[in-house]
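**Q** Quick one, what's the 3D model for this:
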Amino acid sequence: MSEKVPQEDSRASFAKRIDPKKEPLTPEQVAFIRRVELEQWKKNCQKLRGRNIFTGLAIGGLVLGIYGYTFYSVSQEKFLDELEEEAKEARMRAPKTSAN
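**A** Numbers count the residues shown, from 1 in each chain. Predicted structure coming up:
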């Protein structure tokens with residue numbers, strides 16, 4: 001197993017933690033922090049954009065599928081046509097009155 005290096009020895013000047021409440025930041029440090037935060041935001045934004053596109057396409061495909069299936073199933077329904085034909089035949093057989 002590897003031996004652990006004591007904490008005091010592992011701290012380098014470039015990885016030193018800075019508490020902005022205790023120590024004032026130099027303009028270079030502020031610019032560096034902003035640049036790193038912007039890079040992290042861009043990296044996360046790319047991941048989210050890809051997920052959002054995938055989710056949008058999935059939802060859109062589902063909606064189009066339901067819409068298409070609805071049109072398909074309604075076009076196959078013939079019971080309204082049959083009811084209309086029966087009603088038309090019943091009107092034809094019914095006796096004619098002056099109110100008709």
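**Q** CA only for contacts and neighbour counts going forward, please
**A** Noted.
**Q** what's the spacing between stretch 31-45 and its chain's center?
**A** Centroid separation between stretch 31-45 and its chain, computed with C-alpha atoms, centre = their mean, to the nearest Å, is 24 Å.
**Q** in the chain, which residue is closest to the centre?
**A** With the centre of the chain defined as its mean C-alpha position, the nearest residue by C-alpha atoms, centre = their mean is T55, 3.9 Å away.
**Q** what's the following helix or strand after the helix or strand containing that residue?
**A** Under DSSP states H and E, the secondary-structure element containing T55 is helix 27-76. Next helix or strand after helix 27-76 toward the C-terminus (DSSP H and E): helix 79-93.
**Q** The residue nearest to the centre of the chain: what's it in contact with?
**A** Shown here is T55, which makes no contacts under the criterion C-alpha atoms under 8 Å, 6 or more residues apart in numbering.
**Q** Could you check how far it is from P24?
**A** Summarising the geometry, the distance separating T55 from P24, computed by C-alpha to C-alpha, to the nearest Å, is 44 Å.
**Q** Fine, thanks again, bye for now.
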